[in-house]
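1. Just a sequence and a predicted model for now, questions to come.
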Amino acid sequence: MLSPSTRTVCRALAMTRYRIRAMSRTSSVSRSHELRRGRGTGVATPGSGGATWVTRPDYEGCEARDPFPARAATNMQSHAAIHPVMLSRRALLASASGLACALTLGRVTALHAAAAKVSGRAEAQTAAALENLLVHVYDSVLALPRSVSGAGSAAISHVLSAFRMHHAAHAEMFNTVADTLGGARQTAVDGAMDDAVVAPALSTLRGPADVLGLLTNVESIVAATHVQFSGTAGDARALAALCSIAPVEAEHAALLQTFSALLSAGAPELVALPPDTQALPAAAGSAGFALSSLPVSQARRAGEEVR
């Protein structure tokens, strides 16, 4: 059985095809014939380009006139052959577009129906806890000596502060979604990921390269988690939040990884915002994208923040 959204698309497609056929018929009907068909009860109002707006009790519409009245006789045959092809091509494109929309909506509806038991509340709560953890990580890094955190670099200092604010805003967004879906606002960090990934690494930070490595790893894991959750969240609001925030986390990871590559190459002077593109080595263009796609195998599990 077709879902309501799919049926709506199919009806819209049918109306589009009907209008295309009506256009092709109207273009071949003369003004006098159209008025005769109305038995003289219609009102014809001349319009621009030779068109006439016809109003009758049983019909109201724009009656088209041949747009090429001065065509030479030698062009009549070629025009007659081309015009139907254009109309059929338009109908074909409209049909194909409508069918694609119907199939896509049907597929999405089926996926969400299969995941009906997952409203998106659990994903939003875990995502909020992960964003809280990122805020905690950046706060911990900013509390380190500048020689360790790398904040002696204006670019790194700016990135650390800006990314920290981003994650605070992301946590608030996910908490709003969780609250809307009847869940609980998350004020604590994701303890499972903190214990497994963050806490062990924080105690081993010795310099900017270590800091950037930790931040890149955590940002990548959270980005992968948001992508993974977008495939199971059944609520549109949770899905919208996940899909809008995941690319930001991936962008964070890419920039941090680029900075790390420049430091490893012995070029800390090139870590700048905006960068000196003329001085950057060619490898800097791809350093932030070690993989062609984001692996979701490292994604965290929904609900893991609950102890």
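-> That came through, no problem.

2. Does residue 232 lie in a helix or a strand, and which?
-> Residue 232 is part of no helix or strand, with elements assigned from DSSP states H and E.

3. and it, how many neighbours does it have?
-> Residue 232: 19 surrounding residues under other C-beta atoms under 10 Å. For glycine as for every other residue, the C-beta is placed from the backbone atoms N, C-alpha and C.

4. now the one 3 residues further on
-> By other C-beta under 10 Å, the residues close to residue 235 number 18.

5. That one and residue 147, how far apart?
-> As for residue 235, its distance to residue 147 is 46 Å (criterion: C-beta to C-beta, to the nearest Å).

6. Distance check, residue 271 against residue 243.
-> 31 Å.

7. With neighbour numbers in mind, choose between those two.
-> More neighbours surround residue 271 than the other of residue 271 and residue 243, with 21 against 14 (other C-beta under 10 Å).

8. Pretty sure the more buried one sits against residue 262.
-> Yes - using C-beta atoms under 8 Å, residue 271 makes contact with residue 262 at a distance of 5.2 Å.

9. Show me the shaky parts of the protein.
-> The chain contains residues with pLDDT under 70 at 1-118, 291-292, 307.

10. Which parts of it belong to which domain?
-> Segmentation of the chain into domains, based on automatic domain parsing, reads 4-113, 119-287.

11. All the helices of the stretch 51-200 of the chain, residue numbers only.
-> Applying DSSP state H, counting those that start in this stretch to the stretch 51-200 of the chain gives helices spanning 73-114, 121-142, 146-149, 154-180, 191-193, 199-202.

12. Can you list the helices and strands that the fifth one packs against?
-> For helix 191-193, the contact count by 3 or more C-beta pairs under 8 Å, 6 or more residues apart in numbering; DSSP states H and E identifies no helix or strand as a packing neighbour.

13. Give me the contact list for it.
-> Residues external to helix 191-193 that are found in contact with it (C-beta atoms under 8 Å, 6 or more residues apart in numbering): 130, 133, 221, 300, 301, 304, 305, 307.

14. repeat for stretch 197-214
-> Under C-beta under 8 Å, 6+ apart, the answer for stretch 197-214 is 133, 136-137, 140-141, 144, 147-150, 153, 156, 217-218, 221, 256-257, 259-260, 263-264.

15. try stretch 147-166
-> Here stretch 147-166 makes contact (C-beta under 8 Å, 6+ apart) with 134-135, 138-139, 141-142, 146, 205-208, 210-212, 215, 219, 248, 252, 255-256, 259, 263, 268, 271-273.

16. which of those are buried?
-> Buried by 16 or more other C-beta atoms under 10 Å: 134-135, 138, 141, 205, 208, 210-212, 215, 219, 248, 252, 255-256, 259, 263, 268, 271-272, out of those.

17. Give me the subset of those lying in helices.
-> Mapping those onto helices (DSSP state H) picks out 134-135, 138, 141, 208, 210-212, 215, 219, 248, 252, 255-256, 259, 263.

18. Tell me the one of those nearest residue 286?
-> Of all these, residue 286 sits closest to residue 255, with 13.3 Å by C-beta to C-beta.

19. Noted, bye for now.
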